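Asker: Just the structure for this:
(one chain, ligands or ions: 1)
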Amino acid sequence: MTTENVVEVRQLRRSYGEFEAVRGIDFDIRRGETFALLGPNGAGKSTTIEILEGYRRRTSGEVRVLGVDPAHGGLDWKARLGIVLQSTGETGTATVREQLRHFAGLYPHPRDVEEVIAAVGLEEKANTRISKLSGGQQRRVDVALGIVGRPELLFLDEPTTGFDPEARRRFWELIRGLRDEGTSILLTTHYLDEAQQLADRGGIIAGGELMALGPIDELGGADARIPIVRWLDRGVLREERTHQPGALVARLAAAGEPERLEVVRPSLEDIYLSLVGESAAEQLEGSIA
Ligand SMILES: Nc1ncnc2c1ncn2[C@@H]1O[C@H](COP(=O)(O)OP(=O)(O)OP(=O)(O)O)[C@@H](O)[C@H]1O
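Answerer: Numbering: from 1, shown residues only. You can find the predicted model right below:
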């Protein structure tokens with residue numbers, strides 16, 4: 001393991017009985033980067049993350065997190081991680097401030113509790129019992145608990161589910177701030193705009209296999225991002241992919257104003273859907289064969 005990588009995963013596999021949920025995946029997370037693990041429901045994201053966190057055993061493969069095999073990670077190692085699980089269901093009678101103070105006390109170099117409360121926008125709810133908060137506010141408490149220990153590596157499993165749009169934007173600012181301080185982050189999300197906004201690199205997992213891996217702006221390969229020009233040609237919808245959409249549009253326009261003309265630059269969502277769609281089709285063929 002190099003000091004450049006906070007996570008190294010080689011040929012990771014995990015079966016539940018006969019069913020293989022993770023099928024030999026490889027990826028690294030570099031120190032200081034935000035890495036997004038993307039994929040549909042049941043793809044194997046949580047299984048992978050829980051193995052990295054030390055909560056779940058792997059069936060085979062090699063894993064290092066901060067240089068340690070998570071299957072044998074001790075308390076010192078755990079204290080260097082921040083973990084925001086998919087759902088924690090905080091129900092206790094403690095207030096936001098009490099709960100954060102309690103957790104801060106468990107770490108050797110915690111962040112200032114008041115700063116954390118402000119960072120997640122819960123100043124007005126600091127003295128409110130967590131059980132009395134709205135779903136989105138409880139989720140902010142989960143995030144606050146994940147960062148209060150000043151983790152080197154932060155796991156965020158669908159952190160903004162239930163956030164309103166403004167809270168999501170504030171959360172993005174918070175994550176960018178943590179990244180600027182040097183925190184390495186593993187994020188899973190179903191919001192592809194969130195991945196595009198926050199991640200440096202990412203992987204798309206489907207059916208337990210990695211379909212794509214790389215810088216977030218290059219996932220799916222360069223060809224997947226070639227702009228598409230669409231227009232109606234005598235009642236027939238035409239489309240052409242070109243690196244020079246302007247030149248094509250000018251050519252079309254020279255023969256008269258093209259009907260229903262549009263230039264589309266494939267988004268991360270378009271690329272994701274085509275990769276995940278291919279995987280689903282292959283699985284379907286496999287199950288029919
Ligand atoms: N304890 C378990 N026993 C049996 N099968 C399981 C278990 N946990 C997960 N699975 C199966 O493994 C597959 C991967 O699940 P996982 O929770 O890792 O997916 P995910 O990508 O995190 O999905 P989501 O986006 O819905 O959270 C699913 O088909 C799931 O049904």
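Asker: ok, the spatially most central residue of the chain - contacts?
Answerer: By CA atoms, centre = their mean, the chain has its centre lying nearest to Thr188, at 2.7 Å. The contact partners of Thr188, by CB atoms under 8 Å, 6 or more residues apart in numbering, come to Ala36, Leu37, Leu38, Gly39, Lys45, Ser46, Ile49, Leu156, Asp157, Glu158. Bear in mind the C-beta positions are built from the backbone N, C-alpha and C, glycine included.
Asker: Mind doing that once more with 7 Å?
Answerer: By CB atoms under 7 Å, 6 or more residues apart in numbering, Thr188 lies in contact with Leu37, Lys45, Ile49, Asp157, Glu158.
Asker: same check, this time on Leu38
Answerer: Counting by CB under 7 Å, 6+ apart, Leu38 touches Ala195, Gly202, Ile204, Tyr272.
Asker: same deal with Gly202?
Answerer: Going by CB under 7 Å, 6+ apart, Gly202 touches Phe35, Ala36, Leu37, Leu38, Ala195, Ile216, Leu219.
Asker: from the residues you listed, which ones fall inside helices?
Answerer: Of the positions in these, Ala195 sit in helices, assigned by DSSP state H.
Asker: Pick out whichever of the contacts of Gly202 sits closest to the ligand.
Answerer: Distance to the ligand, by CB to the nearest ligand atom, is smallest for Leu37 among the contacts of Gly202, at 8.4 Å.
Asker: So that closest one sits against Ile205, correct?
Answerer: Yes: counting by CB atoms under 7 Å, Ile205 is a contact partner of Leu37 at 6.3 Å.
Asker: Alongside the ligand, which residues does the chain contribute?
Answerer: The chain has residues Tyr16, Ala21, Gly39, Asn41, Gly42, Ala43, Gly44, Lys45, Ser46, Thr47 near the ligand, with proximity defined as CB under 6 Å from any ligand atom.
Asker: Looking at those residues, which is nearest Gly146?
Answerer: Relative to Gly146, the closest of the residues of the chain next to the ligand is Ser46; by CB to CB it sits at 15.5 Å.
Asker: name the element that closest one belongs to?
Answerer: helix 45-53 (DSSP states H and E).
Asker: Does Ile117 touch Glu124 like I think?
Answerer: No: assessed by CB under 7 Å, Ile117 is found out of contact with Glu124, at 9.7 Å.
Asker: Pick out whichever of these two has more residues nearby.
Answerer: The residue with more neighbours, out of Ile117 and Glu124, is Ile117; 21 against 10, by other CB atoms under 10 Å.
Asker: Quick check: chain neighbours aside, which residue is closest to the more buried one?
Answerer: Nearest residue to Ile117, sequence neighbours excluded (CB to CB, 6 or more residues apart in numbering): Ala126, at 5.2 Å.
Asker: roughly how far out does whichever strand or helix holds Asp28 sit from the chain middle?
Answerer: Secondary structure from DSSP H and E places Asp28 in strand 19-30. With CA atoms, centre = their mean, to the nearest Å as the basis, strand 19-30 stands 15 Å off its chain's centre.
Asker: which of the residues in that strand are buried?
Answerer: The neighbour-count check on strand 19-30 (16 or more other CB atoms under 10 Å) flags Glu20, Ala21, Val22, Arg23, Ile25, Phe27, Asp28, Ile29 as buried.
Asker: Just give me the closest of those residues to the ligand.
Answerer: Closest to the ligand, out of all of the buried residues of strand 19-30 and judged by CB to the nearest ligand atom, is Ala21, at 3.4 Å.
Asker: That closest one reaches Thr47, doesn't it?
Answerer: Yes: Ala21 is within contact range of Thr47, at 5.0 Å (criterion: CB under 7 Å).
Asker: Mind pulling the model confidence for the residue lying farthest from the centre of the chain?
Answerer: Going by CA atoms, centre = their mean, the residue of the chain most distant from its centre is Ala255, 46.1 Å out. At Ala255, the pLDDT value in this model is 89.
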